[in-house]
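Q: sequence? don't have it. structure:
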């Protein structure tokens, strides 16, 4: 495996494509849970970038990128818990998770 | 580029694409779990064992289960009559494509400046633990506080409110 190390650019392109997929999902889907899934995909793409830069950076023993990714995973978990809790609360009030039907604050 | 990388990248991207395109929410949750697993394997391929296993534990073990529970609690398995994509889907697709074009251009334009091959870093879980309670102890404490607050907050937000008139 070490003789055929993948260049950094490949990982960065995969992360960029995953970020675009997540962004597209968050923008085009009508269901609030799917929007949260899209946001999770974007966060994961950022984590892949952090780990890839840690791996190919000049000082991997400093662990900066790795630590950033680990903290990012923890924050993303908190975000998912609060976000899905909010979706459930909104569903309880409006009986729907379709985002374009939740327009009570529209002037 | 190793064939393992192509395989893992294909699994991850196919999972992500299926997660945002499939109709049934349960299928989407399953597809996004595949994407999370592919990412964990990519982390392992990048010699980041700790991050890879943390990804498996946190995303496949917790976030995917949370998503499934949210789908069950909101009756998300029923298909909406108006379709699963919003009316402005074309605009969203355009924005996503533009963002990918910019990111991809930035990566390809700087391909000569980024390092191509370095030695495999020898980082053990012991090193990560020492760094977490040493240099990174303040962020660790803040994350602990954040996780506590988020857990309590999520429970309070999603808790059933009694005797509330429906408006």
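A: Okay, I see it. Here the structure is a predicted model, which is why all the values come from computation and not from measurement.
Q: mind listing the helices for the chain?
A: No chain was given, so I picked chain A. Ranges of helices in chain A, per DSSP state H, are A:8-28, A:32-56, A:64-94.
Q: correction: the question concerned chain B.
A: According to DSSP H, chain B carries its helices in the segments B:3-21, B:25-45, B:49-55, B:64-73, B:89-109, B:125-133, B:137-158.
Q: so what touches the last one?
A: Among residues not part of helix B:137-158, those counted as contacts by Cβ atoms under 8 Å, 6 or more residues apart in numbering or on different chains are A:67, A:71, A:74-75, A:77-79, A:81-82, A:84-86, A:88-89, B:132-133. The way it works is simple: take the backbone N, C-alpha and C, and place the C-beta from them, glycine included.
Q: tell me the angle it makes with helix A:64-94.
A: Counting by axes from the mean of the first three to the mean of the last three Cα atoms, to 10 degrees, helix B:137-158 lies at 10 degrees to helix A:64-94.
Q: buried residues of helix B:137-158, list them for me.
A: Under the neighbour-count criterion of 16 or more other Cβ atoms under 10 Å in any protein chain shown, helix B:137-158 has B:139, B:140, B:143, B:146, B:150, B:154, B:157, B:158 buried.
Q: how distant is that helix from the center of its chain?
A: Average the C-alpha atoms of helix B:137-158, do the same for its chain, and the two points are 19 Å apart (Cα atoms, centre = their mean, to the nearest Å).
Q: angle of it against helix B:64-73?
A: Calculated by the same axes, to 10 degrees, helix B:137-158 forms an angle of 10 degrees with helix B:64-73.
Q: got it, and the first one?
A: Comparing the axes of helix B:3-21 and helix B:64-73 via the same axes, to 10 degrees yields an angle of 20 degrees.
Q: helix B:3-21 packs against which elements?
A: Counting contacts by 3 or more Cβ pairs under 8 Å, 6 or more residues apart in numbering or on different chains; DSSP states H and E, helix B:3-21 packs against helix A:8-28, helix A:32-56, helix B:25-45.
Q: okay, now residue B:64: neighbour count?
A: Residue B:64: 22 surrounding residues under other Cβ atoms under 10 Å in any protein chain shown.
Q: cool, and residue A:61?
A: For residue A:61, the count of nearby residues is 10 (other Cβ under 10 Å).
Q: ditto for residue B:113
A: Neighbours of residue B:113 using other Cβ under 10 Å come to 6.
Q: quick one: pLDDT of residue B:87?
A: Model confidence at residue B:87, given as pLDDT, is 82.
Q: do you know how far the residue nearest to it when sequence neighbours are not counted is from residue A:94?
A: Once flanking residues are discounted, residue B:87 sits nearest to residue A:100: 7.3 Å by Cβ to Cβ, 6 or more residues apart in numbering or on different chains. Note on residue A:100: its distance to residue A:94, by Cβ to Cβ, to the nearest Å, is 12 Å.
Q: cool, and residue B:22?
A: Distance of residue B:22 to residue A:94, given as Cβ to Cβ: 24 Å.
Q: the two - which one has more neighbours?
A: Taking neighbours as other Cβ under 10 Å, residue B:22 and residue A:94 compare with residue B:22 leading, 17 against 14.
Q: I figured the more buried one hits residue B:34, correct?
A: No: using Cβ atoms under 8 Å as the test, residue B:22 is too far from residue B:34 to be in contact (11.3 Å).
Q: which neighbours do the two share?
A: Contacts common to residue B:22 and residue B:34, judged by Cβ under 8 Å, 6+ apart, are absent.
Q: what's the domain layout of chain B?
A: Annotated domains of chain B cover B:1-79, B:122-167 [automatic domain parsing].
Q: least reliable of those going by mean pLDDT?
A: domain B:122-167 (a mean of 85).
Q: what's residue A:44 in contact with, if anything?
A: If you count contacts by Cβ under 8 Å, 6+ apart, residue A:44 has them with A:18, A:22, A:76, B:35, B:36, B:39, B:55, B:59.
Q: separation between the fifth one and residue B:137?
A: Counting by Cβ to Cβ, the gap from residue B:36 to residue B:137 is 28 Å.
Q: repeat that for the second one.
A: If you measure residue A:22 against residue B:137 using Cβ to Cβ, the figure is 32 Å.
Q: I'd say residue A:50 and residue A:67 touch.
A: No: between residue A:50 and residue A:67 there is no contact under Cβ under 8 Å: 9.1 Å.
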